[in-house]
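> how would this look folded up:
(one chain, ligands or ions: 1)
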Amino acid sequence: MYSEPGKTKFQIDLRRHLREQDICENLIHVICEIAEACKYVINAVRTGDLGVAGTSNLYGEEQLALDVLSDRILKKRLIHTGVVCNIASEEMDEIYQAQAAADGLYSVAYDPLDGSSLVDVNLAVGTIVSIYKGSDLLQPGRNQVAAMYVLYGPRVSLVYSVGKGVYEFTLNQLMEFTLTRENVTMKPAGDIYSPGGLRNKYTPENEKFIRFLEDKGCKLRYSGGFVPDINQVLMKGKGIFMYPALQGSPKGKLRLLFELNPMAYLIEQAGGAASNGVIDILDIQPESLDHRAPVYIGCRDDVEKAKDFLNNKVK
Ligand code: AFP
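Numbers count the residues shown, from 1 in each chain. Have a look, this model is predicted:
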């Protein structure tokens, strides 16, 4: 599979690996440009202004200067590719049309810096990206042609799938993303759980599920950053992340287009599952850019067990 003479497969860079996936050159270009843009986001995270931007996003949340800067970096780079039609960002109120024609082009939805409020306490954050063919960004996530994230942690890693398995790349000293894991695969069940949201707002069914996980000996691992928390479940191959419907917020917190669809695509590609408690995340028809949904995502058996508790099927 790896045709680079004299190179072991774990020295393969991102562009070379994408070429091995037998996908459209325009899609390779989009993914590589996003990877390049994230190198500038890294610099912003490490040295940028931690203050507020004085603006708010489409959810009415106060934007940090880093949110706005990261958004600008990605948007500018995507426009510059010349192969991106529509762009949606968690930090923009509406879809930006980069090109009118859609044939052969791609549309991208992204969260430029998910967890940005964690940067000032030096916790890991990330960029999350969802890619569709053509111009429609309000399609069910099942129609994505690619999904990826870049995790700004102790090491900078990039994880992507184009529907042919999940691959991890790590940034080296030369600022190149080189392959570090291939065909990432999840176990059927795990021993890690990431319970998002205020526990005193949990419904009785969710409380019972948490108690089931604790009685099973699961370890609580929750950083408050979706990207590092999902990356832990995905790379260890065992566990479940949940941000359930809470009393007072029946749709939970996480955003379908910018957070749930890309992560659900990657987790399913690794043999895991992602559900809103009733149907697969990837089968939800988005109603708007700011569509939110409850989420249970990770090992297949753990997600199924969550659904059993939610639907009172557990004796
Ligand atoms: P921000 O991007 O506004 O910091 O939110 C991050 C996030 O959407 C996601 O990364 C976390 O999983 C989730 O919020 C954490 O939410 P809580 O702070 O309510 O646990």
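
> Please make it C-alpha for all contacts and neighbour counts, starting now.
Noted.

> Could you report the neighbour count for Lys236?
Residues near Lys236, counting by other Cα atoms under 10 Å, number 16.

> meant to ask about Glu94, not that
For Glu94, the neighbour count with other Cα under 10 Å is 14.

> again, but for Cys38
26.

> Just the pLDDT for it.
pLDDT for Cys38: 97.

> And it, how far from Asp191?
Note on Cys38: its distance to Asp191, by Cα to Cα, to the nearest Å, is 32 Å.

> And Cys85, by the same measure?
Applying Cα to Cα to Cys85 and Asp191 gives a distance of 42 Å.

> The two - which one has more neighbours?
Between Cys85 and Asp191, Cys85 has the larger neighbour count (other Cα under 10 Å), namely 26 against 20.

> Verify the stated contact: that one with Lys133.
No: assessed by Cα atoms under 8 Å, Cys85 is found out of contact with Lys133, at 9.2 Å.

> what do the two both touch?
Common neighbours of Cys85 and Lys133, using Cα atoms under 8 Å, 6 or more residues apart in numbering, are Leu105, Tyr106, Ser107.

> Of those, which belong to strands?
Tyr106, Ser107 (DSSP state E).

> For the shared contacts of Cys85 and Lys133, pick the one with the most neighbours.
In these, the most neighbours by other Cα under 10 Å go to Ser107, 27 neighbours.

> In space, what's closest to that one - neighbours in sequence excluded?
Excluding its sequence neighbours, the residue lying closest to Ser107 (Cα to Cα, 6 or more residues apart in numbering) is Asn86, at 4.7 Å.

> Over to that neighbour. Which of the three states is it?
Classification of Asn86 by DSSP: H, G, I helix; E, B strand; the rest coil places it in strand.

> if I pick it, what's in contact with it?
Ile95, Tyr96, Gln97, Ala98, Gln99, Tyr106, Ser107, Val108, Ser135, Asp136, Leu137.

> Now intersect the residues you listed with the strands, please.
Per DSSP E, these map to strands at Tyr96, Gln97, Tyr106, Ser107, Val108.

> Pick out the most distant pair among the residues you listed.
Using Cα to Cα, the ones in strands among the contacts of Asn86 reach their maximum pairwise distance at Tyr96 and Tyr106, which is 12.9 Å.

> returning to what we had before: and the ones in strands among the contacts of Asn86 as a markdown table, adding pLDDT and distance to Lys201?
Shown next, in a markdown table, are the ones in strands among the contacts of Asn86 (pLDDT from 0 to 100; distance: Cα to Cα, whole Å):
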| residue | pLDDT | distance to Lys201 |
| --- | --- | --- |
| Tyr96 | 97 | 36 |
| Gln97 | 97 | 39 |
| Tyr106 | 98 | 40 |
| Ser107 | 98 | 36 |
| Val108 | 98 | 34 |
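
> The helix or strand Leu234 falls within near the ligand at all?
Element membership for Leu234 (DSSP states H and E) is helix 226-236. Yes: if you take Cα under 6 Å from any ligand atom as the test, helix 226-236 does meet the ligand, through Phe226.

> which element follows that helix toward the C-terminus?
That would be, after helix 226-236 and using DSSP H and E, strand 240-243.

> Can you tell me what sits against the helix or strand following that following strand?
The helix or strand immediately downstream of strand 240-243 is helix 261-269, counting by DSSP H and E. Residues from elsewhere that reach helix 261-269 (Cα under 8 Å, 6+ apart): 128-130, 141-142, 144, 146-148, 160-161, 163-166, 230, 234, 273-274, 281-282, 297-298.

> now swap in stretch 62-71 and tell me
41, 44-45, 48-57, 89, 91, 111-113, 116-117.

> What about these, which are in strands?
Val52, Ala53, Gly54, Thr55, Ser56, Ser89, Asp111, Pro112, Leu113.

> Neighbours of the third one, how many?
Here the neighbour count serves as a burial measure; for Gly54 (other Cα under 10 Å) it reads 9.
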